[in-house]
Every structure is written in C-alpha cells, then in structure tokens.
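A.B. asks: coordinates only, no sequence provided:
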C-alpha cells in the first residue's frame, strides 16, 4: 500500500514482555526530503509525543527517521512568510520542550543525516543510539538561528558545545560517541539496539524512572535552558530575523529576552 503523503509521522507499539509497558516508536517519514521538518511534520511529531505521554500503556518512547536518515533539519524549501516562519519556529520550540521534558524515557535511533532541528530533537532525548553512518551537525550559526547551547552544554561540556555550535562542523557517529552525544553505536540499522535499550528501561519500576527523569531535569536545569532558548528563537522569527528583537528586556521571560517572547506570556 502506498504511503499517504499527508502522514509524515507514524507510530507503532512493541511490548518487550507480556506484563510490561509498551515501547512506542515514533518515525518521521518524508523520505524524499531526508525527513526534513516542515510545519506539518512538526505538528504531527508534537501530537505523536503528546499521545505517547498520555497513553498509560506506553513506558518508553523511541524516535526514529525513515529511509536511512533521522532528519535533515528544517525544510528550508517550505514557502513561508514571516507569520509562517514564526509558527514553524513555535512548533520547533514546542517539540524541543516536549521531548526534553518528557516524563517518559526517550531514546533516539539515529542514522544518516541528523542535522539542525533533527540534531536538536536527538539531543533532547535521554539516550541516543546511532548507526555508524550517522552524521550530526548543529548549523544554527551558519543559517542564522541561535540554537544549540541549551541541550549540548549539559551533554558534552562547554568547550565541546562551543566547538560544535560556533563552527557548525559535521561529526560522525564515532566522534559523537567519544564526546558523549551518542551512548550506543549500532552496526547497521540502529532500531534493534534502540529497542533493546528501551526494553531495559521498560523493565524497571516505571514510577521510579519518571521520578529520576524529573530529578535529572531539576539538577541539570535542562527545562529552564530549553525554555530560554525557545524564547529567543520565537522572538527572532516574529521579528523576521532582526536580532535587535533579542535585546529588548522582558522580565516575564526566563531568558530576559524580547518583548514578544511567547513561552511565558
């Protein structure tokens, strides 16, 4: 059966044990565009994560990409005016925050292109499994989006995060594993190993896993960092790329940036 072109994100459940919770696999599927993140894909991804969180039968969430790639990042070919760009950036922010602060354990199965928004979603998960052909890049500095530090600094440390973000360089899976972005390397398809890791998490006490996740967020400050970065991203999009929008103080926001910041209105 041919793929419905309107279905850009698919979901499937597996159950590692008969009496344990299910593992929900969420797959981004725009194979013709290396799973580039359009407005529609982001909206479907956000809904898929919310559905998995709300489903009591689901214990662990695996996020993957279709056809040999995780995601090539934002769909730069999508025709958007300033309002449309602001809406897409709002969705990016919601997705980043939903994944980074998800109360259930999250695992990314990486392969091929893992770039920009795709890389941001990957580092928002708890554990990353990568095929050896994975290429990771954070190109915000190259394309004009101030994103990257919020999640990376807690994963790889300040120096490595600056090197990745300020140079926009591409790294392979082996280097990503060495510096701590990737926790497990897979020979071939990363999904079986991602499901193996998910099954190990799902076998543990679910309430304890949820509490530990909340503790990691609290101790690391990840949620606050992501919220602050999202404030800046959305303000910049609303201002049509005018960076002076980021210098207007606003005590209502966690970041202190922008009178048009959206997260804490």
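C.D. replies: Here it is on my side, so go on. Only a predicted model underlies this, so the values are computations on that prediction, with no experimental measurement involved.
A.B. asks: do I have it right that residue 118 meets residue 75?
C.D. replies: No: the pair residue 118 and residue 75 fails to qualify as a contact (Cβ atoms under 8 Å) at a distance of 11.0 Å. To be clear about C-beta, it is placed using only N, CA and C from the backbone, and glycine gets the same treatment.
A.B. asks: overlap of the contact sets of the two?
C.D. replies: Listed as contacting both residue 118 and residue 75 by Cβ atoms under 8 Å, 6 or more residues apart in numbering are residue 37.
A.B. asks: who has more neighbours, these two?
C.D. replies: Applying other Cβ atoms under 10 Å to residue 118 and residue 75 shows that residue 118 carries more neighbours, namely 28 against 22.
A.B. asks: run through the residues that contact the more buried one.
C.D. replies: By Cβ under 8 Å, 6+ apart, residue 118 lies in contact with 35, 37, 65, 70-73.
A.B. asks: residue 60 now?
C.D. replies: When contacts are counted by Cβ under 8 Å, 6+ apart, residue 60 touches 21, 23-24, 104-107, 198-199, 201-202.
A.B. asks: any idea how far residue 102 is from it?
C.D. replies: Distance, residue 60 to residue 102, using Cβ to Cβ, to the nearest Å: 10 Å.
A.B. asks: can you tell me which of the contacts of residue 60 lies closest to residue 90?
C.D. replies: Among the contacts of residue 60, residue 106 lies closest to residue 90 (Cβ to Cβ), at 21.1 Å.
A.B. asks: what about that closest one, which SS state?
C.D. replies: strand (DSSP: H, G, I helix; E, B strand; the rest coil).
A.B. asks: excluding chain neighbours, what is closest to it?
C.D. replies: Closest residue to residue 106 apart from its sequence neighbours, by Cβ to Cβ, 6 or more residues apart in numbering: residue 125 at 4.1 Å.
A.B. asks: need the helices for the stretch 51-200 of the chain, in chain order.
C.D. replies: With helices called from DSSP state H, counting those that start in this stretch, the stretch 51-200 of the chain shows them at 82-100, 117-124, 140-143, 149-156, 158-167, 173-179, 191-202.
A.B. asks: centre of the chain to the second one, how far?
C.D. replies: Pointing back at helix 117-124 there. The chain centroid and the centroid of helix 117-124 are separated by 3 Å, computed with Cα atoms, centre = their mean, to the nearest Å.
A.B. asks: and among the helices of the stretch 51-200 of the chain, the most buried is which?
C.D. replies: Mean neighbour count (mean count of other Cβ atoms under 10 Å) peaks for helix 117-124 among the helices of the stretch 51-200 of the chain, with a mean of 27.
A.B. asks: gap between the nearest residue to residue 136 once chain neighbours are set aside and residue 186?
C.D. replies: Once flanking residues are discounted, residue 136 sits nearest to residue 114: 4.7 Å by Cβ to Cβ, 6+ apart. Distance of residue 114 to residue 186, given as Cβ to Cβ: 13 Å.
A.B. asks: settle it for me: which of those two has more neighbours?
C.D. replies: Neighbour tally, residue 114 and residue 186, criterion other Cβ under 10 Å: the higher count belongs to residue 114, 35 against 22.
A.B. asks: which ones are touching the more buried one?
C.D. replies: Taking Cβ under 8 Å, 6+ apart, we find residue 114 in contact with 69-71, 122, 130, 134-137.
A.B. asks: what about the strands in this structure?
C.D. replies: Secondary structure of the chain by DSSP state E: the strands cover 9-14, 22-28, 58-65, 105-110, 113-115, 127-131, 135-137, 170-172, 184-186.
A.B. asks: got the ones you listed as CSV, with mean pLDDT columns?
C.D. replies: Output for the strands of the chain, formatted as CSV (pLDDT from 0 to 100):
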stretch, mean pLDDT
strand 9-14, 97
strand 22-28, 98
strand 58-65, 98
strand 105-110, 98
strand 113-115, 98
strand 127-131, 98
strand 135-137, 98
strand 170-172, 98
strand 184-186, 98
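A.B. asks: which residues does the residue most central in space within the chain contact?
C.D. replies: What sits nearest the mean C-alpha location of the chain, by Cα atoms, centre = their mean, is residue 121, with 1.1 Å. Contact partners of residue 121, counting by Cβ under 8 Å, 6+ apart, are 45, 63, 71, 95-96, 99, 108.
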